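Trainee: the sequence and its predicted three-dimensional model are supplied below.
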Amino acid sequence: MRDWRIKDGILSNLVGYIRHRRIDLQKALLLVAVSIITTLVFFPALTLLGFSYRAGDVAVMDIKSPVEIEEEGISLKKGEIVVREGQVITKEDLSKLELISSVVREKRFFLAYLGIFVFTVVLLSTTYHFASRNIRKFSRKPKDLLLMGVIYTGVLLLIRFSDITADVVEKILPVVPASVYIYMIPVAVGPMLVRLFLNSETSLVFALVMAVMAGFFLGGSLELTAYFLVGGIVAAMGVRHCIQRSTVIKAGIIVGAVNGLILLSIASIKGEGTAVEPLFMVLAGFINGLLTAVLTVGVAPIFEIIFGYTTDIKLLELSRMDHPLLKELAMRAPGTYHHSIVIGSLVEAAAESIHANPLLARVSAYYHDIGKLKMPFYFIENTTGENRHKKLAPSMSALILTNHVKEGVEMAKKYRLGQEIIDIIQQHHGTSLITYFYQKAREMAEPSMHGISEKDFRYPGPKPQTREAGLVMLADAIEAASKTLHEPTPAKIQGLTQKIVNRIFIDGQLDECELTLKDLHFITKSFNRVLTGIYHHRIDYPEPVSMGKEERGEGIGPGPYRERERPGEDKKDRKVHLKRLGVK
């Protein structure tokens, strides 16, 4: 037996190592793919990217020649400034810029490719390693990194083809200076989408990387980098706990206003208020914010479907009581339905007290026990006295109980509830022990048999991985146990809550989620407050004297509850009338 356990442990460690290496390989391949895409997108037109100038325009930054050129009557040294910031662009300057682009294509093809590739790899890898080791909530899952890679690529394509868009708009509105169009590129759509699907910490890191890349490839401008960074941060802040699509539009308007303020500040610092019209700059910044919001509203549902994420907007839709699953739960398993609604109230209040996601916690609580729909009458809250487990072996009863988690996951996938809710359904019991049937199995076991294994009476897990999953686990156990209290006074409720939280904590079920001891203190207080409100006492109102007299036939007169006898009316006729009304 001991050798078997050793072999089983070695095999588990080997599987874990292979899985870990596989995830690392996926991340490395994603890094290489994103770096290659970046290289292909920005070469060979790197030197002229972001400069959709025409003769007579004013340059917004210095443009240097990255190569030495001696041809076509043009002589340029490496690093020589071709166009200075604030200079009026001439046809000769445009010819030099076109020549630089063609020479870079011919002479520095491999080096330019290699330089862009290495720069991207170093920037992304160092940022990822720093964030994953120092930022606790930074998303490191392959799925999350893939989402960020796709969003990153999409924003790069917006930047890359901004020149084409600028040329089209320039022909429509020739009054607007060409240098202003660069401020309309909605780079902030990246951080806004990341915040919608992931979290604030990850979106901040993404905004920083995106701003550096945009500033670098749009002429190496520090002002542009700062402009895109501030816009990205404001965009991410604006959609925190977004529960309706109008919130995204409001966030876009705020981003536009902040963009305009930043651009005015930059123009004032550089003293170029007359070179580039401040009005056009503010307008470009505001349009940037609106484009950011519109793109986010349009693209978010696509990512939600493809990647299986559940935004707060989707959670709000799932919280409606007319959802098919909740309606079926109310009809076929009313006890479980009521149990889930109460848990929803508990976890929502607790999530607010520890600054978790109250909406995710509440909606997950509504659906956490949908697996009981398969065999509702084997769960005590749906029975009316009959105990179907009396005829079953303890091991079979335990199998039925643990199976509701698996059934719930399958139903959640079928109805596309989202991965976050699926994870909480799978984790809300963790690897906890089904104590009642385990003890019953030990009592029924014959002395000649080997000891009953705890593993056969534990839920398959995994343990809760998020704070919301931990809240659902705690509320599930506490709400069920509260039904056993004979007189649920506040003191008894507090003692029960503390006892169950301590038991789950000691069993190690909360080891893999982010709940701290301080969080558990606030959670316990919140549970106590809600349960005390649910089980509050009502006053036993005394029965009115007049009502008692009427019941005894001692009425004080013909009142509204006392039948009056009409003159000439026979008692037999009155009985006929009463029968018509359904009264005997």
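Mentor: Perfect, I can see it now.

Trainee: for Leu433, what are phi and psi?
Mentor: phi -90, psi 140 (degrees, to the nearest 10).

Trainee: ok, what's across the strand from it?
Mentor: Applying DSSP bridges to Leu433 gives these bridge partners: Arg458.

Trainee: doesn't His355 belong to a strand?
Mentor: No. Assignment of His355 by DSSP: H, G, I helix; E, B strand; the rest coil gives coil, placing it outside any strand.

Trainee: when you give positions from now on, start the count at 49
Mentor: Fine by me, first position is 49 from now on; the one you just mentioned is His403.

Trainee: any idea how far it is from Asp567?
Mentor: 9 Å (C-beta to C-beta, to the nearest Å). No exception for glycine: its C-beta is placed from N, CA and C like everyone else's.

Trainee: higher neighbour count, those two?
Mentor: Set His403 next to Asp567 and count neighbours by other C-beta atoms under 10 Å: Asp567 wins out with 20 against 10.

Trainee: helix or strand: which one has that one?
Mentor: Using DSSP states H and E, Asp567 sits within helix 565-582.

Trainee: buried ones in that helix?
Mentor: Using 16 or more other C-beta atoms under 10 Å as the burial criterion, the residues of helix 565-582 that qualify are 567-568, 570-572, 574-576, 578-579.

Trainee: that helix - contacts with which helices or strands?
Mentor: The contact analysis (3 or more C-beta pairs under 8 Å, 6 or more residues apart in numbering; DSSP states H and E) places helix 565-582 against helix 382-401, helix 515-530, helix 538-554.

Trainee: mind listing what's buried along the helix or strand encompassing Glu249?
Mentor: If you go by DSSP H and E, Glu249 is part of helix 248-265. Within helix 248-265, the residues that qualify as buried are 249-265, counting by 16+ other C-beta under 10 Å.

Trainee: so which elements touch it?
Mentor: helix 157-182, helix 190-208, helix 237-245, helix 270-286.

Trainee: please look at Lys298 and Gly286 and confirm they touch.
Mentor: Yes. Judged on C-beta atoms under 8 Å, Lys298 makes contact with Gly286 at a distance of 6.9 Å.

Trainee: among the two, which residue is more densely surrounded?
Mentor: Gly286 (25 against 14).

Trainee: what helix or strand is the closest residue to the more buried one other than its chain neighbours on?
Mentor: Take Gly286 and drop its neighbours on the chain: the residue closest to it by C-beta to C-beta, 6 or more residues apart in numbering is Ala299, 2.6 Å away. Using DSSP H and E, Ala299 falls within helix 293-318.

Trainee: what's the first helix or strand after that helix?
Mentor: Next along from helix 293-318, by DSSP H and E: helix 326-355.

Trainee: that next one to helix 237-245, inter-axis angle?
Mentor: Angle of helix 326-355 versus helix 237-245, following axes from the mean of the first three to the mean of the last three C-alpha atoms, to 10 degrees, is 40 degrees.

Trainee: measure Ala525 to Leu408 for me?
Mentor: 19 Å.

Trainee: of the two, who's got more company?
Mentor: Leu408 (26 against 20).

Trainee: next up, the contacts around the more buried one.
Mentor: Residues counted as contacts of Leu408 (C-beta atoms under 8 Å, 6 or more residues apart in numbering) are 358, 360, 363, 399, 468-469, 516.

Trainee: who wins on neighbours among the residues you listed?
Mentor: Neighbour tally across the contacts of Leu408 (other C-beta under 10 Å): the maximum, 29 neighbours, falls on Glu516.

Trainee: which one is that residue nearest to, not counting chain neighbours?
Mentor: Glu516 sits nearest to Ala409 (C-beta to C-beta, 6+ apart), 4.4 Å away.

Trainee: how is the one you found assigned, secondary-structure-wise?
Mentor: Looking at Ala409 with three-state DSSP, the answer is helix.

Trainee: OK, contacts around it?
Mentor: Residues near Ala409 by C-beta under 8 Å, 6+ apart: 392, 395-396, 398-399, 516, 519-520.

Trainee: out of the helices and strands packed on helix 248-265, flag the one nearest Gly419.
Mentor: helix 190-208 (24.0 Å; C-beta to C-beta).

Trainee: what comes into contact with that closest one?
Mentor: So helix 190-208 is contacted by 71, 74-75, 78, 81-82, 85-86, 89-90, 97-98, 176, 187, 233-235, 237-238, 241-242, 245-246, 250, 254, 257-258, 261-262, 265-266, 347, 351, 355, 357 (C-beta under 8 Å, 6+ apart).
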